[in-house]
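Visitor: how does the following fold in three dimensions:
(4 chains)
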2 protein chains.
Amino acid sequence: MSADCCEATCQSHPARCKDCAVRPFSVCAALSDDELGELQALSEPTSFAPKSALLLQDEPVQNVFNITSGCVRLSKILSDGRRQVIGFAIAGDFLGLSFQERSNFTAEAIGPVTACRFRKKAFLNYLDAKPDLVRRLLEFSANELRLAQEQLVLLGRRTAEERVASFLTMRRARNSRFGQQGATLQLPMSRLDIADYLGLTIETVSRTFTKMVREKLIIIVPDGIRFVDLAHVGQIAAE
Amino acid sequence: MSADCCEATCQSHPARCKDCAVRPFSVCAALSDDELGELQALSEPTSFAPKSALLLQDEPVQNVFNITSGCVRLSKILSDGRRQVIGFAIAGDFLGLSFQERSNFTAEAIGPVTACRFRKKAFLNYLDAKPDLVRRLLEFSANELRLAQEQLVLLGRRTAEERVASFLTMRRARNSRFGQQGATLQLPMSRLDIADYLGLTIETVSRTFTKMVREKLIIIVPDGIRFVDLAHVGQIAAE
DNA sequence: CCGCCACATTGATCTAGATCAATGCCGCAC
DNA sequence: GTGCGGCATTGATCTAGATCAATGTGGCGG
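Guide: Model (predicted):
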């Protein structure tokens, strides 16, 4: 049993796209088995070591990625070092399709990560012949936009406790694709990552966790938390 | 001369899409003149009075819109009344394509607004036959996502002064499509709208404007501001 | 088994921006 | 011209969360 919430069912690369565990959740679900063969020819299974980068902010985008396992941190840094984590990508998420020459953010593996890599140019060419894939990417993009807009409300208008509660329930919902539905939520990212995602400091995140433990809403376990009163956490998250 | 920054060049609806002033900036640029005729058959030119709603949060989305003039406020409200403005849509922007049954936000006209209205269902059907239009929508969506991610950094990590400076320079950049390039920036939205967009209070926005006036960065004029030291404002915005 | 290092927690204090409270400034109806 | 109602500004005070500063903790190399 995996100890990492963001690790998907497929730890090693399947021989063929057809057999890939993330396919049903991923952009590739838009393609038929035949087309999948074509895509496979363009794709290169790739592994990333913890802390290694898939994309670098302001650097040219050479590749786009379909994450197959692990957890990737997406962040933007201001010139004076302040950092905002703008998301965590997990298995099934698609990375790098911004139509910008250079990347708007840095994408770094938190633990070990596997991904299908495509040369951006080749992928864009392939898109021209595959309207269904473009359509699927549009749906993915629209969904990312919706999540980002939710996050705008969180950062602009919610209290520290609401942010943390919301983070926990969102993570739980996100992992549900992979059967992970128990009371235990694996959190592969550090407190600093969480703080930078929620627009807080590491101390505030820590104190808020502690407060939630004191109030018997959660228990802190190694590499994650366990929900004790999920309904109440959900209620704080909802407001 | 229009007194409203968000009003585009075309105040009244053109007879045909072909003649529409926003076409080059809008999603419809993806279509040939012939195809534009087809789209025109689906579209209904619509006017909205100030304060009227184009979309309502949590209500079914019946229509999608291509804004042709005016300024539309996009906002999300929490159940206790806290509000986050997630964007301002102007001429050329496309609204409502979230692939969700219900709208994730409310869209309201600030001043008078004109838009091309499409029945959502008919528009989605039309999309199936027009891969170039889907592609164009994907580019628009990716761009919206990029803007939202910038806003996440602003809300999560920037000071009040940086937020206001950033807001002013972003607005200026956004208006540049329509020739509006002078030192005067029209701001059709209220201080409350700006505050809710920047995750601040109305008082903090007002004080920050006043401070920038004192420091000879801007001058406040009716319905907008005038840049006195644009370079310096840009520098504060950049950090 | 020890010592180190990175991360996490906890406590004391500070502050940017919120909140509370007038006051000012139109534009518009009568 | 007067009064009213909706914004905007300004001032005084408060506070959630930041900052500064130890102190804990657990994994890992030797």
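
Visitor: find the residue at the geometric middle of chain A.
Guide: Against the mean C-alpha coordinate of chain A, by C-alpha atoms, centre = their mean, the closest residue is A:A89 at 1.6 Å.

Visitor: dihedrals phi and psi, the nearest residue to it once chain neighbours are set aside?
Guide: Closest residue in space to A:A89, ignoring its immediate chain neighbours: A:V72 at 4.2 Å, by C-beta to C-beta, 6 or more residues apart in numbering or on different chains. For the C-beta atoms, the positions are set from N, CA and C on the backbone; glycine is no exception. Backbone torsions of A:V72, given as degrees, to the nearest 10, read phi -110, psi 130.

Visitor: need the pLDDT of A:E101.
Guide: With respect to pLDDT, A:E101 has a value of 96.

Visitor: report the separation between the nearest residue to it once chain neighbours are set aside and DNA strand C.
Guide: Leaving out its chain neighbours, the residue that sits closest to A:E101 by C-beta to C-beta, 6+ apart is A:P60, at 6.2 Å. Counting by C-beta to the nearest atom of the strand, to the nearest Å, the separation of A:P60 from DNA strand C is 28 Å.

Visitor: neighbours of A:P60, how many?
Guide: Under the neighbour criterion other C-beta atoms under 10 Å in any protein chain shown, A:P60 is assigned a count of 11.

Visitor: got the contact list for it?
Guide: A:101-103 (C-beta atoms under 8 Å, 6 or more residues apart in numbering or on different chains).

Visitor: show me the contacts for the residue nearest to the centre of chain A.
Guide: A:67, A:71-72, A:74, A:95, A:107.

Visitor: again with A:S75
Guide: So A:S75 contacts A:57, A:83-86, A:105-106, A:108, A:196 (C-beta under 8 Å, 6+ apart).

Visitor: at contact distance from DNA strand C, anything in the helix or strand harbouring it?
Guide: Using DSSP states H and E, A:S75 sits in strand A:72-77. No - under the criterion of C-beta under 7 Å from any atom of the strand, strand A:72-77 makes no contact with DNA strand C; the nearest approach is 12.2 Å.

Visitor: what angle separates the helix or strand following that strand from strand A:72-77?
Guide: Next along the chain after strand A:72-77, taking DSSP H and E as the criterion, comes strand A:83-89. Put simply, strand A:83-89 runs at 160 degrees to strand A:72-77, going by axes from the mean of the first three to the mean of the last three C-alpha atoms, to 10 degrees.

Visitor: what's the distance between strand A:83-89 and the middle of its chain?
Guide: Offset of strand A:83-89 from its chain centre (C-alpha atoms, centre = their mean, to the nearest Å): 9 Å.

Visitor: and the residue nearest to A:G96 when sequence neighbours are not counted, how far from A:K120?
Guide: The shortest distance from A:G96 to any non-neighbouring residue, by C-beta to C-beta, 6+ apart, is to A:V64 (3.8 Å). Computed with C-beta to C-beta, to the nearest Å, the distance linking A:V64 and A:K120 is 5 Å.

Visitor: give me the common contacts of these two.
Guide: Joint contacts of A:V64 and A:K120 (C-beta under 8 Å, 6+ apart) are A:G96.

Visitor: so between these two, which is more surrounded?
Guide: Using other C-beta under 10 Å, the more surrounded residue of A:V64 and A:K120 is A:V64, with 23 against 17.

Visitor: give the contact list for the nearest residue to A:S26 once chain neighbours are set aside.
Guide: Once flanking residues are discounted, A:S26 sits nearest to A:G92: 4.6 Å by C-beta to C-beta, 6+ apart. Contact partners of A:G92, counting by C-beta under 8 Å, 6+ apart, are A:8, A:22, A:25-26, A:66-67, A:177.
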